[in-house]
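Q: Please find the sequence and the predicted model below.
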Amino acid sequence: MPVAQTKTKPKLVIYGCGGHGKVVADIALACGLAVEGFLDDRALEGKRVFDLPILGGSGWLEMRRSEVSVALGIGENRARCRIYKLCERLGMTPITLIHPTASVAASAQVGAGVVIMAQAVINPDARVGNGAIINSGAIVEHDCELGAFAHLSPNATLGGAVRIGALTHLGLAASVLPGKTVGEETVVGAGAVVTADVPPRVVVTGVPARVQRQLETT
Ligand SMILES: CC(=O)SCCNC(=O)CCNC(=O)[C@H](O)C(C)(C)COP(=O)(O)OP(=O)(O)OC[C@H]1O[C@@H](n2cnc3c(N)ncnc32)[C@H](O)[C@@H]1OP(=O)(O)O
């Protein structure tokens, strides 16, 4: 499977130390990587998560960028996108992590800074954009296209040839029927079933999914 991957340096840091960051660290450890600690911009240095230190924030990364690789440990899509761009400015490409129990087809294309969690499935010819999250047990069927910094929550399911826009979030166990498109920066509520195309920047909920409200353009 073509995975966009930079050369991994001996030590890895996880940017983000909340719940998502902990799961990402756990995947890195399951992959046999040496995790040096977490980064966070909220001045939490000295605290520990998982018995691993919080090392600092963006300043720490700038100083140590030649020595460490970075994985994205932030669940919120826009914040994760900002950290990805910070890494790019520092000349770094966040690594992609794939849990050992995930199934990723040989013909799938997976971008940089992606995290694919336990029991997730990515089927043939799917394309996963940079910085996306495929959470535990989520399914990306054949020929799907998942935009950069999108997030499929646990057990979300995309039927074949679905397109999901950049920065869009599918909630827990949400489903999208084959061939449908969900626009960028949209939120699909937990448990929703998308049966028709969904525009950008809206919240949809229910079965079948209906627009609940518009989201502000930023
Ligand atoms: C590992 C992880 O945890 S990954 C993260 C997973 N996170 C998720 O799956 C969360 C997805 N988010 C949701 O489903 C949210 O509830 C949203 C985005 C759909 C709506 O959030 P908000 O805009 O804050 O809506 P709010 O909670 O105020 O609810 C508004 C109304 O919608 C209803 N509602 C909320 N979520 C849903 C839903 N998923 N399906 C149907 N109705 C819903 C509420 O009951 C409420 O109804 P009422 O007005 O009749 O009382």
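A: Cool, got the structure.
Q: helix or strand right after the one helix or strand in the chain whose mean pLDDT sits lowest?
A: Across the helices and strands of the chain, mean pLDDT, DSSP states H and E gives its lowest value to strand 48-49, namely a mean of 92. Towards the C-terminus, the helix or strand next in line after strand 48-49, according to DSSP states H and E, is strand 52-56.
Q: Could you check how far that next one is from the centre of its chain?
A: The chain centroid and the centroid of strand 52-56 are separated by 22 Å, computed with Cα atoms, centre = their mean, to the nearest Å.
Q: Just name whatever secondary elements it is in contact with.
A: Counting contacts by 3 or more Cβ pairs under 8 Å, 6 or more residues apart in numbering; DSSP states H and E, the secondary-structure elements packed against strand 52-56 are strand 35-39. Heads up, the C-betas are built off the backbone N, CA and C, glycines and all.
Q: Nearest residue to residue 171 in space, please, no chain neighbours.
A: When the adjacent residues along the chain are set aside, residue 171 lies closest to residue 190, with 3.5 Å between them (Cβ to Cβ, 6 or more residues apart in numbering).
Q: so where do the helices sit in the chain?
A: With helices called from DSSP state H, the chain shows them at 19-30, 58-64, 77-89.
Q: number of nearby residues for residue 215?
A: Here the count is done by other Cβ atoms under 10 Å, and residue 215 has 12 residues near it.
Q: what's the distance between it and the ligand?
A: Spatial separation of residue 215 from the ligand under the definition Cβ to the nearest ligand atom, to the nearest Å is 10 Å.
Q: Was I right to think that residue contacts residue 203?
A: Yes - at 6.5 Å, residue 215 and residue 203 qualify as touching, with contact defined as Cβ atoms under 8 Å.
Q: between these two, what contacts are shared?
A: Common neighbours of residue 215 and residue 203, counting by Cβ atoms under 8 Å, 6 or more residues apart in numbering, are 186-187.
Q: Stretch 83-103: end-to-end distance?
A: The first residue of stretch 83-103 is 27 Å away from its last residue (Cα to Cα, to the nearest Å).
Q: Run through who's touching that stretch.
A: By Cβ under 8 Å, 6+ apart, the list of residues contacting stretch 83-103 reads 3-6, 8, 12, 15-16, 24, 27-28, 30-31, 58, 61-62, 65, 69-72, 74, 104, 110-122, 130-131, 134, 149.
Q: before we move on, the earlier item: the residue nearest to residue 171 contacts residue 174, doesn't it?
A: Yes - at 6.3 Å, residue 190 counts as touching residue 174 under the criterion of Cβ under 8 Å.
Q: Find residues that contact each of those two.
A: Applying Cβ under 8 Å, 6+ apart, one finds that residue 190 and residue 174 are jointly contacted by residue 153.
Q: And the residue located most distally from the centre of the chain, how far from residue 20?
A: Computed with Cα atoms, centre = their mean, the residue of the chain farthest from its C-alpha average is residue 46, at 26.7 Å. Counting by Cβ to Cβ, to the nearest Å, the gap between residue 46 and residue 20 amounts to 21 Å.
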